[in-house]
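A.B. asks: fold the following, please.
(2 chains)
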2 protein chains.
Amino acid sequence: MENGSRNRENGSRNVLKPMDSEQLREYGHRMVDFIADYYKTIESFPVLSQVQPGYLHNILPDSAPDHPETVEQVLDDVKTKILPGVTHWQSPNFFAYYPSNSSVAGFLGEMLSAGLGIVGFSWVTSPAATELEMIVLDWIAKMLNLPDQFLSKGKGGGVIQGSASEAVLVVMIAARDKVLRSVGKNALGKLVVYSSDQTHSALQKACQISGIHPENCRVLKADSSTNYALRPELLQEAVSRDLEAGLIPFFLCGNVGTTSSTAVDPLGALGKIAKSNEMWFHVDAAYAGSACICPEYRQYIDGVETADSFNMNAHKWFLTNFDCSLLWVKDQYALTEALSTNPEFLKNKASQENLVVDYKDWQIPLGRRFRSLKLWMVLRLYGAETLKNYIRNHIKLAKDLEQLVSQDPNFEVITPRIFALVCFRMVPTDDNDEKKCNRRNLELLEAVNSSGKLFISHTALSGKIVLRCAIGAPLTEEKHVKETWKVIQEKASCLLPK
Amino acid sequence: MENGSRNRENGSRNVLKPMDSEQLREYGHRMVDFIADYYKTIESFPVLSQVQPGYLHNILPDSAPDHPETVEQVLDDVKTKILPGVTHWQSPNFFAYYPSNSSVAGFLGEMLSAGLGIVGFSWVTSPAATELEMIVLDWIAKMLNLPDQFLSKGKGGGVIQGSASEAVLVVMIAARDKVLRSVGKNALGKLVVYSSDQTHSALQKACQISGIHPENCRVLKADSSTNYALRPELLQEAVSRDLEAGLIPFFLCGNVGTTSSTAVDPLGALGKIAKSNEMWFHVDAAYAGSACICPEYRQYIDGVETADSFNMNAHKWFLTNFDCSLLWVKDQYALTEALSTNPEFLKNKASQENLVVDYKDWQIPLGRRFRSLKLWMVLRLYGAETLKNYIRNHIKLAKDLEQLVSQDPNFEVITPRIFALVCFRMVPTDDNDEKKCNRRNLELLEAVNSSGKLFISHTALSGKIVLRCAIGAPLTEEKHVKETWKVIQEKASCLLPK
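C.D. replies: This next block holds a predicted model:
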C-alpha cells in the first residue's frame, strides 16, 4: 500500500494518508470482485471448515509486519489461509443453528455504514442514524402488526441491538431496577425469573450478568405433549409457590420459535399471569419473528399485546447482515432509567432539552454503528411483499423435507415443523436402546458434516438427540434440500445394522 | 432490484434471489464509487449536521414499501435525505470527542467481513475468525510491549469487544463473580469500586448493570495539581476506610488518557494498592493506548504489569473502523467462569475437548462478526512503523495547536497536552467571573460548531468549561488545524467585550 498512501505534499515519506478516495475506489472495486467471486464459487467449499485447532497459528507470523504489504499479498492469504478456516454460513447447504442472512441489500448497507464511519451514540453525533432507526423500526412494527404502544410516537419504540442476548439483558436490567426502586436494592436476592427449559441460553447469561441468583431462575419443564411450549399452569404454580415463599417474581421470557425446535409459547395466557403479578414479560422471537410479517403466520405472536418487550433478529431470516437485532419496548423510560449516564463531555442542547432520543441509553455500549442503513436498504430494495414470499419459500422447502423424512422408515420427524426448521432423527433399531440411538445420530451428524457437503446441527429434546435442518440461507433452493437429504440418507445407510 | 433478483429457474416470479453474485458485483461497484466520491467531497459538508430534531420523520414515508425500489432511488435518498443528517466523523475538520478512525484498510476489512457473513461465536463456526483474533491481539500486545501474561499462549489472551463499555463490563462481572464465589453472593452490597472522577461514564454504567450499589462507587477527586491523575494516597485512604467499615474493595479502574483531558493515572502505584487488597485492576487506555506503540510514549503504560486487564480501542486512533475494542486479560478463566453457557445446541467436539477458545464466553452477546479481519488488514497494509508515524504526526499537529493557543492572550491552555488532545478556553475577562467565562466558552462552542466548518466538543475540569480539540481524524493535515484555529479566533473575537 506504499503507493498513494504517503503524504506527498509535505515531502514527508513517512506520513500515511490512510483515507485516499482514489485508493479506496481502486481497492474497493478489487474487494467487490473478490467477494462476488466468492459467492460465485461458494458451493465449491466444504460448508463446515475442516481445519484442526491451531491451524492458523502454524501458518501466520508471530508478529505484525513493520512495513506495508500489498493488497495482493493480503488477498492471497485470505484465499489460501483464511478461507480454509471459514465455515460458510452463506452457502446454500448451510442448515445448522439458524441462518444468518446476508443479501446484496444488506451488504450494500454494511458498506455504506462502514464508509460513512459515524458513531451514533447521541442524536447529535448523526441525527440521521437515530431517526432512520426509529423510522424503520416503526415500519417493521407495522409489518408485524405490533400494538401501537411499541411505536416511537408514544413512550414506546424500537432500537437495534447487536444480538438477542443484549436485547434480553437490557430489558432484564430495566425490569430489575424498576422493581428494586420500589422494594429496595437489597432485595436482589429475592427476584425470580421464569421461562421454559427450551429458552435460549441468552436468558441464563442475562441472569448471570444482572446478578439474579441461580436458585431463583425457574426453568420450567416443557415436553412433547405441548410441542415444547410452556404450560401456563406450570408458570402459575411456580409463581404462586414463590410468592408464598416471600420471593418476588419479576421477569418472564416467552418464546416464539425456540432454538431447539421452534416451539411457540402461548403468549396471551402467559402474559396474563405476568401482568397480574406485575412481572416484565419479554418475548423472544429472534428466529421466528420474521415469519410473522406474513398474515398466515401472524397468529404465532398473538398475545404480544400483553408483552413489555419483543425481540426479532433481522440478521437471522430477514436478509439483513449480522448484526441487527430488533427490540421493541412499550416503556423506553424503563430502559433509560436503568442505562443512562450523562457525562459533561457528551452534553448537548438537543439532549438536554429532551427533544431527541439518545440510543446510548437504550443499550450496553456507548458507541453504535449506523445499522439502520442496512435494514432500510433491505426493506426498500426488496419490499414487504417480496420479503414475505422469501420466507414462504423457505417454509415450503422445509415442508417438502419434512415429508421426505417422514416417508423414510429409518427416520422420524421429532415435533411437527412449524416454520422452516425440521427436527428429525434416525429411529432406534429393534432393541429400542435410546442411548445407542443417540450415539448413532451423533455419528450421523459427524458423518454428514465432515463430508463438507452440508452442515446441520443438533439438539436434545426430552433426552433424545435430534438433528436440526434449518432452511433459510439466502441461496438455498429446492435442489440443495433434495441433495442434502440424499447425503443424509446415504450416510445413514452406512450406520444401520446390516 | 427487480432484475436479476428473481428466481428465473423455476419460473416463480415472486421468489427473490437475494444473493446473486453478479448483482452484488454490479451494485457493489456502484457503492464503492458512491463512497469514494463521498470522501472526495467530504470537506464540502458541514462537519456537524445542522438539521433539526425530527427532520427525517417529515420526509420519509410512514411505512415500508410493498414492492422493490431501485438502487438509484435509494442512493438518491442517501444523498438528499440521509447525508444532511450525518455528522461527518471522517472529515479532516472533525475534532470532537475522540476520533473514530476509518481507513481504506479498515474499510476493506469491514467489506470482507460483511461479505463472508459468518457468525463466529464458537471456534467451530469459523475457526479462522477465532484464531486470527488471537493472533492479531498477540501482535498488538507485542507492539505495546504488554507483559507475556496477556498473550494467548498461557492462560491470558486478547479479545475484540464492541466497545470500551463492554470491555469494562465483562471484566467487572468476572471480578464480581470471582469475589462472590469466595464470600457468598449475598455480599454483593459490600463490593466497592474505585476510580478517579475523570473516569469514563462507561465505568458507572458497568456498575449499574452489574448491580454494584451506587453508594459503593468511590469516585475519587482528581484535580489540576496532578493534571487530573488519581493520587495513590487518596485511593489507599478510601480502601482503608472501606475495609474498616467491613466493605469489600474489589475493582479499580485506572486511566491512560481520560476522555476529558487525557490524564494518565500512575498505574504502578495504583496497581500495588490493588494487588495488596486483592482487587481486580482494569486499565482503560481506550484512546491513548494506540500512542503507546511508539517507544517514546510507552512510558505512559508503565505499571501495566500490575493490571489484570487492559483495554485499547483500535477504532479510535488506530485506523480500524468502529467497532473494534481490544481487551487483554491475564486470566481468561475469570471471564469464562462468569460468562459461559453451554447449551446442547452449541456443543461440538472441539469445544467439549477443550482444544479451542470459544469467544462467546468472553463477551456479552453470543454472536460475533469477523472483526479481526479489519485489524489484520490495517496491520498488514500499513505496518507497525507507518502506524507509529501516523500517531506521531497527529501529536505533532496537536503540539503546534497548543503553541498557537498559548500565544493568544485571549486563550489559555488548560492542562498540558500529552497526546493529541488540546484542552483550552477563552480566559475570563477583567471581572474574573468564572460563571460568565463558562457561558462565553459555551457560546464560542456553539458559534464554531454551527459554522459547519469544524466540530469540537467540550468538557468541565474543576468547574471550568473547557473546549476540546482532539486531533486524529485520518484526513486531518496541518492546514486543517491552522484553519480551525483561525475560525475559533474569529468567532471568539465576536464574543469578546468591545
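A.B. asks: how is chain A divided into domains?
C.D. replies: Chain A is divided into the following domains under automatic domain parsing: A:20-48+A:87-101+A:388-498, A:118-382.
A.B. asks: which of the ones you listed sits most buried?
C.D. replies: Compared across these, domain A:118-382 shows the largest average neighbour count, a mean of 22 (mean count of other Cβ atoms under 10 Å in any protein chain shown). C-beta coordinates here come from the backbone N, C-alpha and C atoms, glycine included.
A.B. asks: distance from that one to the middle of the chain?
C.D. replies: Averaging C-alpha positions (Cα atoms, centre = their mean, to the nearest Å) puts domain A:118-382 13 Å from its chain's average.
A.B. asks: circling back: and the domains of chain A as CSV, adding mean pLDDT and distance to B:Asn313?
C.D. replies: Output for those, formatted as CSV (pLDDT from 0 to 100; distance: least, Cβ to Cβ, whole Å):
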stretch, mean pLDDT, distance to B:Asn313
domain A:20-48+A:87-101+A:388-498, 97, 22
domain A:118-382, 97, 9
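A.B. asks: make a markdown table from those domains and add distance to chain B to it.
C.D. replies: Output for these, formatted as a markdown table (distance: least, Cβ to the nearest Cβ, whole Å):
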| stretch | distance to chain B |
| --- | --- |
| domain A:20-48+A:87-101+A:388-498 | 4 |
| domain A:118-382 | 3 |
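A.B. asks: closest one to B:Lys399 among the ones you listed?
C.D. replies: domain A:118-382 (22.3 Å; Cβ to Cβ).
A.B. asks: what is the end-to-end distance of that closest one?
C.D. replies: Start-to-end span of domain A:118-382 (Cα to Cα, to the nearest Å) is 26 Å.
A.B. asks: now the strands for chain A?
C.D. replies: Along chain A, the stretches classed as strands by DSSP state E are A:157-161, A:191-196, A:217-220, A:248-255, A:280-284, A:309-313, A:325-329, A:411-413, A:421-426, A:457-461, A:464-470.
A.B. asks: sheet partners, orientation included, of the longest one?
C.D. replies: In other words, strand A:248-255. strand A:191-196 (parallel), strand A:280-284 (parallel) (DSSP bridges).
A.B. asks: residue contacts, the closest residue to A:Ala288 other than its chain neighbours?
C.D. replies: Spatial nearest neighbour of A:Ala288, chain neighbours left out: A:Gly257 (2.6 Å); criterion: Cβ to Cβ, 6 or more residues apart in numbering or on different chains. Going by Cβ atoms under 8 Å, 6 or more residues apart in numbering or on different chains, A:Gly257 touches A:263-264, A:285-289, A:291, A:300, A:418-419.
A.B. asks: what do you get if the cut-off is 10 Å, keeping everything else the same?
C.D. replies: Residues near A:Gly257 by Cβ atoms under 10 Å, 6 or more residues apart in numbering or on different chains: A:98, A:263-265, A:284-292, A:300-301, A:312, A:316-317, A:418-421.
A.B. asks: cool, and A:Ala307?
C.D. replies: So A:Ala307 contacts A:146-147, A:149-150, A:252, A:254, A:267-268, A:270-271, A:274-275, A:280-283, A:285, A:301, A:328-330 (Cβ under 10 Å, 6+ apart).
A.B. asks: let's see that with 7 Å instead.
C.D. replies: A:267, A:271, A:281-283 (Cβ atoms under 7 Å, 6 or more residues apart in numbering or on different chains).
A.B. asks: please apply the same query to A:Trp328.
C.D. replies: Here A:Trp328 is in contact with A:137, A:141, A:146, A:150, A:156, A:158, A:309-310 (Cβ under 7 Å, 6+ apart).
A.B. asks: beta partners of it?
C.D. replies: In beta-bridge terms (that is, DSSP bridges), A:Trp328 pairs with A:Gly158, A:Phe310.
A.B. asks: ditto for A:Ala470
C.D. replies: Counting by DSSP bridges, the residues bridging with A:Ala470 are A:Leu421.
A.B. asks: that older thread, for the residue nearest to A:Ala288, give its distance to A:Val466.
C.D. replies: Computed as Cβ to Cβ, to the nearest Å, the A:Gly257 to A:Val466 distance reads 16 Å.
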